[in-house]
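[1] Predicted structure and sequence below. I'll ask about it afterward.
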2 protein chains.
Amino acid sequence: MTEKKHIALLGSTGSIGTQTLDVVRQHPERFDVFMISANNSARLLVEQALAFQVPHVVICNPEKYREVREALPASIQVHAGIEEACALVQAPEVDVVVAAMVGFSGLRPTLSAIEAGKTIALANKETLVAAGSLVMERARVCKAPILPVDSEHSAIFQCLSGAQGNPVHLIHLTASGGPFRTWPREQIAQARKEQALKHPNWDMGAKITIDSATMMNKGFEMVEAKWLFDVEPSRIHVVVHPESVIHSMVEFADGAVIAQLGCPDMRLPIALAMAYPERLPLEGKRLDFSQLQGLTFFEPDRGKFPCLQLASDAMERGGNIPCAMNAANEAAVAAYLKDRIGFYDIPEIISRVMDGVKFADEPSLDDIFATHEEAFRMAGSIL
Amino acid sequence: MTEKKHIALLGSTGSIGTQTLDVVRQHPERFDVFMISANNSARLLVEQALAFQVPHVVICNPEKYREVREALPASIQVHAGIEEACALVQAPEVDVVVAAMVGFSGLRPTLSAIEAGKTIALANKETLVAAGSLVMERARVCKAPILPVDSEHSAIFQCLSGAQGNPVHLIHLTASGGPFRTWPREQIAQARKEQALKHPNWDMGAKITIDSATMMNKGFEMVEAKWLFDVEPSRIHVVVHPESVIHSMVEFADGAVIAQLGCPDMRLPIALAMAYPERLPLEGKRLDFSQLQGLTFFEPDRGKFPCLQLASDAMERGGNIPCAMNAANEAAVAAYLKDRIGFYDIPEIISRVMDGVKFADEPSLDDIFATHEEAFRMAGSIL
């Protein structure tokens, strides 16, 4: 019998978090949940703790501690604050840390898990976007394998597992194109959040759905791909594929392209990262080729989606600029979700912040946190 | 510097043979041609021998020996008869044997190369269709790696190289559907060889192009896939994909599908089999996703293409039945190419031969040759 893997789940109440627990539910013989954490969603956190009999529960917002503590039996330890999450992921019991927090706040606990040499199932994009150089270096030194949970990076990872030492010629990073793919620019400019939140293929959280509408999400993924797979930015090609059946592709020197296809279901990359290298059978729909209506591909329109170009520029400039881009985006998207700015104000703010922050060529972790603060504040002052 | 690989090329004047030599031309630093053989095409064989300075040339038809001998300098050894080819592939100088002969005659020299433990780049379908059980057993015992050159099997092989021990859930073997995919059955029944020879995507020899029109080619590939990848027939799913961009796919337990895509150019699988595991840069077009018009998929119509069902039946019955099917097809296609029979006479003859031959459950090599003779003769008597 295979040993159970003990999971620490950062961000258990979000979209990836709940789907991670669904994978555990499907394979109780393979996984045990050692720890779950959430920022604010106390009620769902309590439900999850009870359902999965999780011994350690972290509520990051200390104001919610009492609510969680009172709802759970004494057999479950309840902790408050992100520092507790950072400590718990290092526990010797933990095998795999699923990093599913949203935004920059995921960086610190993920780094903590890396320092302890844990296997990281990485769903938090910002960790690599903001601090890719540092994170990959620490992962190398601490021998912490980083397994991508993003469907695109998981696809690339799967395509590369048969590479046998052959270098990547091109990564074809597929993009659905988001809800505004076919809209003219003038109409996109007027788009309200209710429209931006209607993603055609994937059911995700609000922040990432807006990032998908601006295609900044794809920009982040370019940066992530650069770090995860150690490829030059010029070898990362974004291709719009509205059907989201092909989740990404790798092209080799001989012209062969290896692709990963599937239904849009995040439980597949989550389960693969948790059980790697084993593929577990999963509930849910499978691809039915006779039902596919035709797979199409387009070049992205960088005029309509300037965030793509911003991400290319950020990779080109390097240093702390991707971190600044991420912070400015975080601030701008929050403002857009509050109806405080228009759709194209998002790239405008990001661009101004990228030009405005103090450049650091080889940023330390302190520099990264300082850049995040500076960029976030700068974005707020432009708003 | 990487050592050169020394190639023996069986069937050098056919479609795969000439493309194999084109790969050698593109990479003279990597390959040396030790031997080439042809059945009858003396003039092209001579040209190739001179162009690639091949030390050993085999003309299988002894009547052409004199023509070849007189056209070549004394520095090049000329041999006559298939037995000479069988001996030369075993020479200690040979690293890789490209088995590109057409039809059942490829079996003996391929087996000879396997007995000598050579790496086999296998383009000859009939070797596995007629004698899969024997061939795979000898390859295992003699430690002769068999690398597929068929675009579909090469694709599956590439998809499986990242499997990391995970079993195959399904193989999706793609088929262009051939020139008659959209024709109604009554029209196909009247099809002349000139129409059957117009393949939409691939430029191949006459025999294999007719096999593609009847879809017997795909039936053969099902049998090959069963042997090459050790999968149950029920796990081999044929899917019609007219654009021939995806060359085949593998589906795993978790629903993930890994696919190989590329332009329809046989030099890719040939080069991969010759240089394996290395992927060499190749001249020629690469996939341009923005130019793809939409990839479509259909279930094959077994009513219009009864050869598919015959192949499934042959796999089901096992033993020497696939060998009989292959021999009957070889006879029937030859008759069709001579305008002696109609299109649907091909499956009719095959079916009657499959029912008529003496069944052998675990055929020896002698049984295989006997079955081939018997089935070929039986097909001739029906014609």
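    Alright, I've got the coordinates.

[2] Going by proximity to chain B, name the top residue of the stretch 51-200 of chain A.
    Nearest residue of the stretch 51-200 of chain A to chain B: residue A:162, at 2.9 Å (C-beta to the nearest C-beta). (Glycine included, C-beta is placed from N, CA and C.)

[3] and that residue, what element?
    In the assignment (DSSP states H and E), residue A:162 maps to no helix and no strand.

[4] list the contacts for the spatially closest residue to it that is not a sequence neighbour?
    Spatial nearest neighbour of residue A:162, chain neighbours left out: residue B:162 (2.9 Å); criterion: C-beta to C-beta, 6 or more residues apart in numbering or on different chains. Contact analysis of residue B:162 by C-beta atoms under 8 Å, 6 or more residues apart in numbering or on different chains lists A:158-163, A:258, B:258.

[5] from the residues you listed, which two are the most distant?
    Spatially, the most separated pair among these is A:163 and B:258, at 12.3 Å (C-beta to C-beta).

[6] okay, those two: which has more neighbours?
    Comparing residue A:163 with residue B:258 by other C-beta atoms under 10 Å in any protein chain shown, the one with more neighbours is residue B:258, at 27 against 18.

[7] and that one, that's in a strand?
    Yes. Per DSSP: H, G, I helix; E, B strand; the rest coil, residue B:258 lies within a strand segment.

[8] Quick check, pLDDT for the residue of chain A most remote from its centre.
    In chain A, residue A:74 marks the outermost C-alpha relative to the chain mean, sitting 33.6 Å out by C-alpha atoms, centre = their mean. Listed pLDDT for residue A:74 reads 97.

[9] Roughly how far does it sit from residue A:55?
    Residue A:74 sits 12 Å away from residue A:55, going by C-beta to C-beta, to the nearest Å.

[10] which parts of the stretch 51-200 of chain A sit against chain B?
    Contact residues, the stretch 51-200 of chain A versus chain B (C-beta under 8 Å from any C-beta of the partner chain): A:158-166, A:172.

[11] ok, back up a step: give me phi/psi at the residue farthest from the centre of chain A?
    The phi and psi values for residue A:74, taken as degrees, to the nearest 10, are phi -60, psi -20.

[12] ok, now how distant is it from residue B:22?
    Distance from residue A:74 to residue B:22, by C-beta to C-beta: 75 Å.

[13] Run through the neighbouring helices and strands of the host helix or strand of residue A:212.
    Under the criterion of DSSP H and E, residue A:212 resides in helix A:206-214. When contacts are defined as 3 or more C-beta pairs under 8 Å, 6 or more residues apart in numbering or on different chains; DSSP states H and E, helix A:206-214 packs onto helix A:193-196, helix A:216-229, helix A:321-337, helix A:345-356.

[14] if we go to 7 Å?
    The contact analysis (3 or more C-beta pairs under 7 Å, 6 or more residues apart in numbering or on different chains; DSSP states H and E) places helix A:206-214 against helix A:193-196, helix A:216-229, helix A:321-337.

[15] List the buried residues in that helix.
    A:207-214 (16 or more other C-beta atoms under 10 Å in any protein chain shown).

[16] Now do it: everything it contacts.
    Outside helix A:206-214, the residues that touch it by C-beta atoms under 7 Å, 6 or more residues apart in numbering or on different chains are A:102-103, A:178-180, A:196-197, A:199, A:217, A:220, A:305, A:307, A:333, A:336-337, A:346-347.

[17] Just the angle for it relative to helix A:345-356, thanks.
    Relative orientation of helix A:206-214 versus helix A:345-356 (axes from the mean of the first three to the mean of the last three C-alpha atoms, to 10 degrees): 90 degrees.

[18] Dump helix A:206-214 to PDB, restricted to CA.
    Taking C-alpha atoms only, helix A:206-214 is exported to PDB below (Å, rounded to 0.1, in the frame of the first residue of the first chain):
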ATOM      1  CA  ALA A 206     -12.800  37.400  -8.600                       C
ATOM      2  CA  LYS A 207      -9.300  38.700  -8.700                       C
ATOM      3  CA  ILE A 208      -8.000  36.100 -11.100                       C
ATOM      4  CA  THR A 209     -11.100  36.400 -13.300                       C
ATOM      5  CA  ILE A 210     -10.400  40.100 -13.800                       C
ATOM      6  CA  ASP A 211      -6.800  39.300 -14.500                       C
ATOM      7  CA  SER A 212      -8.100  37.000 -17.100                       C
ATOM      8  CA  ALA A 213     -10.200  39.700 -18.700                       C
ATOM      9  CA  THR A 214      -7.300  42.100 -18.900                       C
END
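
[19] Below-threshold pLDDT in chain A: ranges please.
    Chain A contains residues with pLDDT under 70 at A:1, A:202-203.
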